[in-house]
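[1] compute the structure for the input listed below.
(one chain, ligands or ions: 2)
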Amino acid sequence: MLVTLRDTPADAEITSHQMLLRGGFIRRVTAGVYAYMPLMWRVIQKISSIIEEEMDSIGCLQTLLPQLHPSELWKQSGRWQGYTAGEGIMFHLKDRQGREIGLGPTHEEVVTKIASESIHSYKQLPVSLYQIQTKFRDEIRPRFGLMRSREFIMKDAYSFHSNEKCLQGKYNEMNDAYKRIFSRCGLKTVAVDADSGAIGGASSQEFMVTADSGEDLILTSPDGKYAANQEKAISKASEPLPLPEGKSCFLDTPSQGSIKELCSANGLDASQIVKVLAMLAIKEDGQQQPLLISLRGDQELNEVKLTNFLSGLLEKPLIDLQPITQEKLNAQGLGEWPFGSIGPDLSNELLKKAKTWENQFIRLADKTAIELKTFVCGANEIDKHRAFITWADLGVHPKTSDFRKAKPGDRCSHDPRQKLKESRGIEVGHIFQLGKKYSKALDASFTNEEGINENFWMGCYGIGVSRLAQAAIEQNHDSSGMSWPISIAPFEVIIVPANIQDPLQKSLSELIYQKLKDQGVDALLDDRKERAGVKFKDADLIGIPWRLVIGRDASSDKVELTKRDCKKTELLKTDEAVKKLLEEIFTNRS
Ligand code: ATP
Ligand code: MG
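    Ligands and ions are numbered 1, 2, ... in the order given. You can find the predicted model right below:
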């Protein structure tokens, strides 16, 4: 069932997505939902086998967990609200008894419950479980085919330990297994420090397939010692340009609402300014907390760092962060605020009449803003700023942390002589030391050596199987189509009789096909009654690593052998061609 398309599908933006559709590997059913056609399913199965071998080799046991999750479990872990309300990505429904159910986007809750019911003593630990299964996520922006879909295949593993050291040991083993998996799949990946979400502290690494179309921005040091997702990356900011000495004073700053305008009208450098972002943190219980975040004028806010900090600070989980706008103020009956001239000391009085907001700001400041001795900042009055101000003058004491985005060109923290470079990546895997977050929340415990009840130490480890399959194309293609790494190619060789109506070509093709099959080679015979040109084009498009063409030279027992990635072709005696193929395939099997 090889059905290829001649034209590039209009709704596919990136090459790998276009090629998978054109090659008949996948078909879209609705937004973010795809059918894996027979060729694609072979790829998925080959990737799955490699993953299974590597997981089994480190003692991980394969299971299959349910996809219908009762809401109670997710309420117990505190994730139900965040995953179902607002921008939450969990599909959820009510069953005939009116009980709420979620479709599994990830399985920490379910697996923790099961472990807690089956493991009672330290003597049963450690245990690692994994599964390869469809996950459901109602992504806000499903796109790029299998890269960000709403139904996709994931390998997820979970480990349970009696102590942190044991967890770290498994995490390192997983790290090595992941490297082997990606390299066996023929992918070039980098491991980067990743954000560990609201959990904080624990280690987390992502594996990125480097590709220009990647959604993630990666920052790396030239010496290769540091690599991180921008969400997580740290750096040394450039030195600020000190303000000259001066007495604190007001500046008239009409139409200078932006840092750029303020700088050019007053001869300032952006690093001499403290800018203030007014935002609203929306908590799980619906409470809305106004925030004032001070940043150095030349720096940008990293929302992930802010979210993590707030999650540690607020009693209830955070579900959203939004900028405070005049519209929001109107809805609260709070009048007009001096946007463009807000200072870190904007008065709490402004919140007094708020209807549903808390009536005190939480004031936060990035370290680089706090380190400024004197600076320029808003005067809390429209079209007015203050210059030569100190934090002591303002009389506020914001909570300080690293809230800024690391940027390419920033100096590296481990060696300020080096500058961070940027590249793009596709996240294909993520490993994570969870610690006791879920075992505590779900009251999952075992009896330790001292006879005391203790919560499990846990790790979780994911691979996006379907995303990985597409990422392989992003890294391996040319203008005529895909070029699968042989270990995950749907077939290792395609046999193309130029003219299937020619009895000699037909019989020789079938003979070779049978010979290869008997030797355990994954061979595909293109016995369609298409023109030779069409078949060659299709063979190039679907990217089978080796191609054998049986054409006119069949009469002199000669066939043409082509390697897809370099398109090198040789005319060989049939036996020689088969021998060469077998050698190439068997020596390169991983
Ligand atoms: P992302 O940041 O890309 O949304 P994530 O960090 O939410 O992914 P994890 O929960 O770490 O994803 O899931 C493990 C793996 O599953 C990811 O590394 C990725 O390869 C894959 N994955 C996650 N979401 C999707 C999706 N919508 N479509 C396809 N694969 C996905
Ligand atoms: Mg992830």
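[2] per-residue pLDDT, residue 7?
    Predicted confidence (pLDDT) at residue 7: the value is 79.
[3] ok, it to residue 250 distance?
    Plainly put, residue 7 is 64 Å away from residue 250 if you go by CB to CB, to the nearest Å. To be clear about C-beta, it is placed using only N, CA and C from the backbone, and glycine gets the same treatment.
[4] neighbour-wise, which of the two wins?
    Remark: of residue 7 and residue 250, residue 250 carries more neighbours, 11 against 7, as counted by other CB atoms under 10 Å.
[5] is it correct that the more buried one falls within a strand?
    Yes. Assessed by DSSP: H, G, I helix; E, B strand; the rest coil, residue 250 belongs to a strand.
[6] the chain should start at 44 in everything you say after this.
    I'll keep to 44 as the first residue from here, and by that count the last item is residue 293.
[7] ok, it - contacts?
    By CB atoms under 8 Å, 6 or more residues apart in numbering, residue 293 lies in contact with 422, 427-430.
[8] make it 6 Å
    Residue 293 makes contact with 422, 427, 429 under the criterion CB atoms under 6 Å, 6 or more residues apart in numbering.
[9] scan those residues and report the most crowded one.
    In terms of neighbour count, residue 429 stands highest of these at 23 neighbours, by other CB under 10 Å.
[10] spell out the secondary structure type for the residue lying closest to that one once chain neighbours are set aside.
    Distances taken as CB to CB, 6 or more residues apart in numbering place residue 422 nearest to residue 429, at 4.8 Å, with adjacent residues excluded. Using three-state DSSP, the structure places residue 422 in strand.
[11] who touches residue 422 in this structure?
    Taking CB under 6 Å, 6+ apart as the test, what residue 422 contacts is 293, 384, 428-429.
[12] ranges for the helices of the stretch 144-293 of the chain?
    151-161, 207-227 (DSSP state H, counting those that start in this stretch).
[13] run through who's touching the last one.
    Helix 207-227 is contacted by residues 93-94, 97, 101, 169, 202, 204, 232, 250, 472, 474, 476, 500, 502, 504, 530, 633 when judged by CB under 6 Å, 6+ apart.
[14] quick one: buried residues of it?
    Buried positions in helix 207-227, judged by neighbour count with 16 or more other CB atoms under 10 Å: 209-210, 213-214, 216-218, 220-221, 224-225, 227.
[15] same check on the shortest one?
    Under the neighbour-count criterion of 16+ other CB under 10 Å, helix 151-161 has 151-159 buried.
[16] from residue 521, how far off is residue 224?
    As for residue 224, its distance to residue 521 is 25 Å (criterion: CB to CB).
[17] also residue 425?
    Counting by CB to CB, the gap from residue 425 to residue 521 is 58 Å.
[18] grab the most central residue of the chain for me.
    residue 470 (3.9 Å; CA atoms, centre = their mean).
[19] now that residue. Nearest residue, chain neighbours left out?
    residue 249 (5.1 Å).
[20] specify the beta-bridge partners of that neighbour.
    In this entry, residue 249 is beta-bridged to residue 235, residue 473, by DSSP bridges.
[21] isn't it up against residue 474?
    No. Look at residue 249 against residue 474 with CB atoms under 6 Å: they stay out of range, at 8.1 Å.
[22] quick one, domains of the chain?
    Per the record's domain assignment (automatic domain parsing), the chain is made up of the domains 83-111+148-277+465-516, 292-444, 534-632.
[23] which of the ones you listed is buried the deepest?
    Burial among the domains of the chain, expressed as mean neighbours by mean count of other CB atoms under 10 Å, is greatest for domain 83-111+148-277+465-516, which shows a mean of 19.
[24] now do the end-to-end distance for it.
    Terminal residues of domain 83-111+148-277+465-516 lie 12 Å apart, using CA to CA, to the nearest Å.
[25] again with stretch 534-554
    For stretch 534-554, the first and last residues are 18 Å from each other (CA to CA).
[26] pLDDT of it, averaged?
    For stretch 534-554, mean pLDDT is 97.
[27] and the contacts of that stretch?
    Outside stretch 534-554, the residues within contact range by CB under 6 Å, 6+ apart are 529, 555-556, 564-570, 572, 575, 578, 582, 587, 589-594, 597, 628.
[28] what does stretch 124-144 rub up against?
    Surrounding stretch 124-144, the residues in contact under the criterion CB under 6 Å, 6+ apart are 111, 114, 145-146, 148, 179-181, 183, 327, 360, 362-363.
[29] residue 78: neighbouring residues, count only.
    Counted with other CB under 10 Å, the neighbours of residue 78 add up to 11.
[30] near ligand 1, which residues of the stretch 144-293 of the chain are found?
    If contact is defined as CB under 6 Å from any ligand atom, the residues of the stretch 144-293 of the chain in contact with ligand 1 are 149, 180, 182, 191-192, 195, 197.
[31] redo that, cut-off 8 Å
    The stretch 144-293 of the chain comes close to ligand 1 at residues 148-149, 178, 180, 182, 185, 189-193, 195, 197, 199, 237, 249-250, 258-259, as judged by CB under 8 Å from any ligand atom.
[32] which of the residues you listed fall in strands?
    Counted as lying in strands by DSSP state E, out of those, are 178, 195, 197, 199, 249-250, 259.
[33] for this protein, give me the ranges with low pLDDT.
    The model of the chain has pLDDT under 70 over residues 44, 239-245, 360.
[34] could you dump the buried residues of helix 207-227 into JSON lines with distance to residue 416 added?
    Below are the buried residues of helix 207-227 laid out as JSON lines (distance: CB to CB, whole Å):
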{"residue": "209", "distance to residue 416": "48"}
{"residue": "210", "distance to residue 416": "44"}
{"residue": "213", "distance to residue 416": "48"}
{"residue": "214", "distance to residue 416": "43"}
{"residue": "216", "distance to residue 416": "49"}
{"residue": "217", "distance to residue 416": "47"}
{"residue": "218", "distance to residue 416": "44"}
{"residue": "220", "distance to residue 416": "51"}
{"residue": "221", "distance to residue 416": "46"}
{"residue": "224", "distance to residue 416": "51"}
{"residue": "225", "distance to residue 416": "48"}
{"residue": "227", "distance to residue 416": "55"}
